[in-house]
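S.K.: Provided below are the primary sequence and the corresponding predicted coordinates.
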Amino acid sequence: MSLEKQLAIDLYQIEAVQIKPDRSFTWTSGIKSPIYCDNRLTLSYPTIRNRIADAFVEKIKQLDDTPDCIAGCATAGIPHAAWLADKLDLPMVYVRSKPKAHGKGNQIEGKIAKGQKVVVIEDLISTGGSAIQTAEALRDQGVEVLAVIAIFTYGLPKANHAFDQSNLPLHTLTNFDVLSELLLEKNTITKAEYNSLLNWRKEL
């Protein structure tokens with residue numbers, strides 16, 4: 001089994017990703033959704049979080065360039081960035097959604113220099129807003145962002161367009177399509193429910 005499929009199963013089994021074809025989840029944006037993802041749950045499963053870290057390492061090996069530093073998106077990307085940086089023996093920083101309102105007013109925590117190359121680690125890509133915001137904060141400091149790498153993506157067209165517009169490569173460890181196909185193969189969902197999942201995404 002591919003790592004992509006294994007991680008999809010992992011996330012589903014620990015309920016980090018949940019599926020309800022009746023679209024009974026409500027996102028913060030108000031969208032009625034058949035899927036909800038909370039990858040913070042992976043923190044409590046050492047085997048799975050290690051598998052995720054190893055998968056991040058493999059993705060970085062496939063890049064055209066080598067990062068000088070790993071950057072985590074606050075907050076859910078921070079622990080995964082830390083474990084990855086440890087495996088690669090690289091420095092790590094994390095990026096807040098906005099500068100602190102007190103102290104030194106930092107948005108980027110940790111030390112990174114102009115001209116260095118960085119990979120941004122995120123737990124989930126929905127619309128892509130937080131990851132792109134993180135990348136832009138780093139770019140504003142003269143840092144070269146090689147890519148954003150996330151654990152899971154819904155594969156929303158809006159997100160794909162946003163990353164294209166930002167000229168920002170996006171890679172993910174697993175995704176909505178892989179999970180949906182696996183659930184269909186295992187008869188966890190019906191063909192009609194599977195089609196409903198795909199139609200939901202097309203409607204957004």
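M.R.: Yes, it's here.
S.K.: ranges for the helices of this structure?
M.R.: 3-13, 46-61, 77-88, 129-140, 157-165, 176-185, 191-203 (DSSP state H).
S.K.: just put those in TSV and tack on mean neighbour count and distance to residue 19.
M.R.: No exception for glycine: its C-beta is placed from N, CA and C like everyone else's. TSV is the format used below for the helices of the chain (neighbours: other C-beta atoms under 10 Å; distance: least, C-beta to C-beta, whole Å):
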stretch	mean neighbour count	distance to residue 19
helix 3-13	19	8
helix 46-61	17	18
helix 77-88	21	23
helix 129-140	20	23
helix 157-165	14	19
helix 176-185	18	7
helix 191-203	13	7
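S.K.: include mean pLDDT and distance to residue 109 when you put these into TSV, please.
M.R.: What follows is the helices of the chain, written out as TSV (pLDDT from 0 to 100; distance: least, C-beta to C-beta, whole Å):
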stretch	mean pLDDT	distance to residue 109
helix 3-13	97	28
helix 46-61	98	20
helix 77-88	98	9
helix 129-140	96	11
helix 157-165	95	24
helix 176-185	96	31
helix 191-203	93	35
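S.K.: quick check: which of these is nearest to residue 106?
M.R.: Shortest distance between residue 106 and these, using C-beta to C-beta, is found for helix 129-140: 10.5 Å.
S.K.: tell me what that closest one is packed against?
M.R.: Applying 3 or more C-beta pairs under 8 Å, 6 or more residues apart in numbering; DSSP states H and E, one finds that helix 129-140 contacts strand 69-73, strand 92-95, strand 117-125, strand 144-153, helix 157-165.
S.K.: distance to residue 136 for those - can I get that in JSON lines?
M.R.: Converted to JSON lines, the helices and strands packed on helix 129-140 look like this (distance: least, C-beta to C-beta, whole Å):
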{"stretch": "strand 69-73", "distance to residue 136": "12"}
{"stretch": "strand 92-95", "distance to residue 136": "10"}
{"stretch": "strand 117-125", "distance to residue 136": "10"}
{"stretch": "strand 144-153", "distance to residue 136": "9"}
{"stretch": "helix 157-165", "distance to residue 136": "11"}
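S.K.: gap between residue 159 and residue 11?
M.R.: To residue 11, residue 159 is 18 Å away according to C-beta to C-beta, to the nearest Å.
S.K.: looking at the helices and strands packed on helix 129-140, which is nearest to residue 36?
M.R.: strand 117-125 (10.2 Å).
S.K.: so who does the residue nearest the centre of the chain touch?
M.R.: With distances taken as C-alpha atoms, centre = their mean, residue 150 lies nearest the centre of the chain, 2.5 Å away. Residues in contact with residue 150 (C-beta atoms under 8 Å, 6 or more residues apart in numbering) are 77, 121, 122, 123, 124, 125, 131, 170, 171, 172, 173.
S.K.: out of the helices and strands packed on helix 129-140, which is closest to residue 50?
M.R.: Going by C-beta to C-beta, the one of the helices and strands packed on helix 129-140 nearest residue 50 is strand 144-153, 13.1 Å.
S.K.: partner strands of that closest one, with direction?
M.R.: strand 117-125 (parallel), strand 170-175 (parallel) (DSSP bridges).
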